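In: pasting a predicted model and its sequence here:
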Amino acid sequence: MGATDTPTSGSRTPYHHEDDPTGCKLNYHEAEALVESDDPEHPANLICELCREFYKLGWVTGTGGGISIKQGNLVFLAPSGVQKERIKPEHIFVLPYPQSAVPRPGSKRDMIRVPKKTGLKESACTPLFWNAFTMRNAGACIHTHSQHAVLLTLLLGKKADAFRISHQEMIKGVRIGGSGKTLRFFDTLTVPIIENTADEEDLTDGMAEAMAKYPDAAAILVRRHGVYVWGNTWEQAKTQAECLDYLFEIGCKMLQAGLPLVGDD
């Protein structure tokens, strides 16, 4: 990675030069401009707005959860371990897409922009977001710690490898594979469940294996942890996250009431 005379965060050099896979050769001010915009639809502004809304829903409390948006050959990423309702555009990381190597647990990422604020680091979800980008060609991926998602994985039991539900109107807001056609009322929605790990990044392989096993799934549930949801755009990812959370909640209530999840009885 080429050297620069611009401020750095941690041990990383924040701006790529000769070996940047995107071909970007940005100086400090150009890199900062990537997150400076008056457009409310700009990814850096959207991530901040969405994190505030998700905080109100209880999805990203206690600094957990996050969102990443891919726009062209750039990925905008919320920082890790910060108050999600207080994120500002200046806190956003910008990564090139594709990376020179697929992000793996513990690996170093290629960076185009690193925030100046001391102590910020890119989300621990980065390699899991990359699963959605590379395996589903997603444009956005959302990770929440929704209590509905967590409780559902417990009510289904340790042997359950997926959540399945049918004959619910909100199923029609979920897309096949997260990015294809929307499901129909009579279809059975399937969301695979993987086991949690001590460190977030170590979920990467389990998520990838579940996505390969269930190519029509629009999300991955993590037992005792939360859910990852993706879509072609941030709008689709958000819509599906909301529809799925509704279905997780009603699924919990149906299980507690002894009602079947699949079928019209």
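Out: The structure has been received and is ready for your questions.
In: can you name the residues that contact residue 202?
Out: residue 105 (Cβ atoms under 8 Å, 6 or more residues apart in numbering). For the C-beta atoms, the positions are set from N, CA and C on the backbone; glycine is no exception.
In: just checking, it is part of a strand?
Out: No: assessed with DSSP: H, G, I helix; E, B strand; the rest coil, residue 202 is helix; it does not lie in a strand.
In: from residue 99, how far off is it?
Out: Distance of residue 202 to residue 99, given as Cβ to Cβ, to the nearest Å: 19 Å.
In: do residue 163 as well
Out: 31 Å.
In: any idea how many residues pack against residue 199?
Out: 9 (other Cβ atoms under 10 Å).
In: just checking, it touches residue 125?
Out: No: if you go by Cβ atoms under 8 Å, residue 199 and residue 125 don't touch, sitting 11.3 Å apart.
In: residue 91: neighbouring residues, count only.
Out: Residue 91, neighbours per other Cβ under 10 Å, totals 18.
In: quick check, it in contact with residue 114.
Out: No: taking contacts as Cβ under 8 Å, residue 91 lies outside contact range of residue 114: 10.5 Å.
In: any common contacting residues for the two?
Out: Residues touching both residue 91 and residue 114 by Cβ under 8 Å, 6+ apart: residue 120.
In: in contact with residue 192, which residues are there?
Out: By Cβ under 8 Å, 6+ apart, the neighbours of residue 192 are 161, 162, 210, 211, 213, 214, 217, 220, 221.
In: quick one: strands adjacent to whichever strand or helix holds it?
Out: Residue 192 belongs to strand 188-194 when elements are defined using DSSP states H and E. In the sheet, strand 188-194 lines up against strand 162-166 (antiparallel), strand 219-222 (parallel) (DSSP bridges).
In: with distance to residue 231 and mean neighbour count added, can I get these in a markdown table?
Out: A markdown table is the format used below for the strands paired with strand 188-194 (distance: least, Cβ to Cβ, whole Å; neighbours: other Cβ atoms under 10 Å):
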| stretch | distance to residue 231 | mean neighbour count |
| --- | --- | --- |
| strand 162-166 | 18 | 19 |
| strand 219-222 | 10 | 28 |
